[in-house]
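Visitor: coords please:
(one chain, ligands or ions: 1)
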Amino acid sequence: MGSVGETEKVPTTIDRVRLDAFQLVTMSALPGALAALARLNIFEALAKAGDDAQLTAAELAERALPGKSINMSYLSRLLRMVSGKNILREVVTTTGDKNGAPVAVERRYALEPIARFLVDDPERGSFVHLLLTYQSPGAFLQTWEHLHESVLDDAIQPFARAHGMNAWEFGKHNPQFDKVFNKAMAGNSKIYMRAILDAYHGFEDVKVVVDVGGGFAAALSLITARYPHIKGINFDQPHVIDVCPELPGVEHVSGNMFESVPSGGDAIFMKYILHDWDDESCLKILKNCYQALPAHGKVIAVDNMLPEIIDFEGGDPMALQVDIHMLAFNDSGARERTERELVKLGLAAGFNKVKVVCKVDLLAVTEFHKA
Ligand SMILES: C[S@@+](CC[C@H](N)C(=O)[O-])C[C@H]1O[C@@H](n2cnc3c(N)ncnc32)[C@H](O)[C@@H]1O
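Guide: A predicted model of the protein is given here:
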């Protein structure tokens with residue numbers, strides 16, 4: 001009879017393409033399992049236990065969910081599943097009887113580097129709130145079922161079909177969702193802005209920067225921390241600014257970027273703004289930026305950039321995946337763009353020179369110069 005650790009190798013045939021196809025159709029288990037573990041505070045419990053911590057499911061349950069009644073079998077299955085994706089590391093110890101036959105298996109779990117991005121860390125940033133936003137049952141999850149309808153009828157936008165209003169209106173009416181969404185944006189900004197500020201040096205000669213659609217000013221607070229000589233103006237919708245925490249070196253201004261954006265900055269920063277809108281709306285926003293800037297001012301836009309040609313080596317095809325999130329979750333013509341499309345928009349808005357200055361992962365930093 002076989003036992004753990006002694007199982008004989010049995011003849012196995014694998015058809016990689018067939019297996020990959022099966023993987024495709026069962027893939028929804030992954031974000032579902034990750035969101036469940038995040039809601040159960042498992043990633044924080046592991047992070048708090050220390051860098052080298054390896055905890056059993058029972059130890060994790062005790063730390064993450066003290067006093068709660070736990071279905072240990074379910075928790076273990078979730079932990080094993082994400083370990084199979086190299087998100088947690090499963091460390092197995094088998095203990096044998098005196099004849100050396102294994103009798104017990106102990107499984108411990110540790111954070112793989114990728115899981116650090118799922119730990120809720122207000123200082124370092126995190127992708128966990130973005131995960132929970134995408135997996136939000138009352139908001140984004142319902143939009144997928146309308147994706148194909150939007151292909152068949154261009155009057156149908158998935159988010160509006162599901163909720164009867166666009167995502168920004170939805171946020172106004174659902175403060176709880178809006179809070180998670182803004183946390184998601186801030187968590188993402190904290191991670192990416194540090195990397196952008198390492199790679200991009202175009203803020204060095206800027207005195208005042210206006211962050212249009214700055215949300216909770218996560219990006220702006222990192223810009224002003226890196227460049228203390230810069231004054232920051234955080235501009236967003238009134239219901240966002242109303243709940244935005246005060247930050248040193250940052251003035252909050254509320255308004256509507258389709259009407260005007262605050263003047264007084266020699267640079268306007270926009271991260272994840274143009275990708276929220278169709279070309280016509282982007283033109284309005286860019287023209288309002290043009291109006292607000294002095295003669296030598298510039299817009300610094302950060303968005304995921306679509307590849308002109310799919311290149312599997314460079315990692316760029318992932319932007320095509322992010323683009324479908326924009327399609328499903330926003331009803332305002334939201335889309336990622338190629339460099340060529342961004343340049344065309346910038347020139348049409350009146351800018352003299354538009355150039356991509358650097359890229360960080362999928363994000364391109366594009367400057368739009370008036371002069
Ligand atoms: C995708 S979020 C990006 C937030 C932030 N820039 C970041 O990267 O974390 C888009 C932002 O645009 C803001 N926004 C949407 N419509 C707006 C409008 N008409 N005027 C000003 N801001 C607006 C939203 O409130 C939200 O904060």
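
Visitor: burial count for G215?
Guide: Neighbourhood size, G215 [other Cβ atoms under 10 Å]: 25. All C-beta atoms are positioned from the backbone trio N, CA, C, and that covers glycine.

Visitor: next one: phi and psi at T94?
Guide: phi -110, psi 140 (degrees, to the nearest 10).

Visitor: interface residues of the stretch 51-200 of the chain facing the ligand?
Guide: Within the stretch 51-200 of the chain, the positions lying close to the ligand (Cβ under 6 Å from any ligand atom) are 168, 185, 189.

Visitor: Using TSV, lay out those together with pLDDT.
Guide: Shown next, in TSV, are those (pLDDT from 0 to 100):
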residue	pLDDT
W168	83
M185	90
S189	90
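
Visitor: Assess the claim that H252 and C244 are in contact.
Guide: Yes. Applying Cβ atoms under 8 Å, one finds H252 in contact with C244, separated by 5.5 Å.

Visitor: so which strand or helix has Q291?
Guide: helix 279-292 (DSSP states H and E).

Visitor: for V357, same thing?
Guide: strand 353-360.

Visitor: E251 too?
Guide: Going by DSSP H and E, E251 is in strand 250-254.

Visitor: Keeping just the C-alphas, turn the helix or strand that comes right after that strand into PDB.
Guide: Using DSSP H and E, the helix or strand that follows strand 250-254 towards the C-terminus is strand 267-271. Provided in PDB are the C-alpha atoms of strand 267-271 (Å, rounded to 0.1, in the frame of the first residue of the first chain):
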ATOM      1  CA  ALA A 267       2.900  70.900 -14.400                       C
ATOM      2  CA  ILE A 268      -0.300  68.900 -14.400                       C
ATOM      3  CA  PHE A 269      -0.100  65.300 -13.300                       C
ATOM      4  CA  MET A 270      -2.700  62.800 -14.300                       C
ATOM      5  CA  LYS A 271      -2.400  59.200 -13.400                       C
END
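
Visitor: Just want the angle from strand 267-271 to helix 279-292.
Guide: 150 degrees (axes from the mean of the first three to the mean of the last three Cα atoms, to 10 degrees).

Visitor: ok, residues contacting strand 267-271?
Guide: 189, 193, 202-203, 206, 208-214, 219-220, 223, 261, 285, 289, 292-293, 297-303 (Cβ atoms under 8 Å, 6 or more residues apart in numbering).
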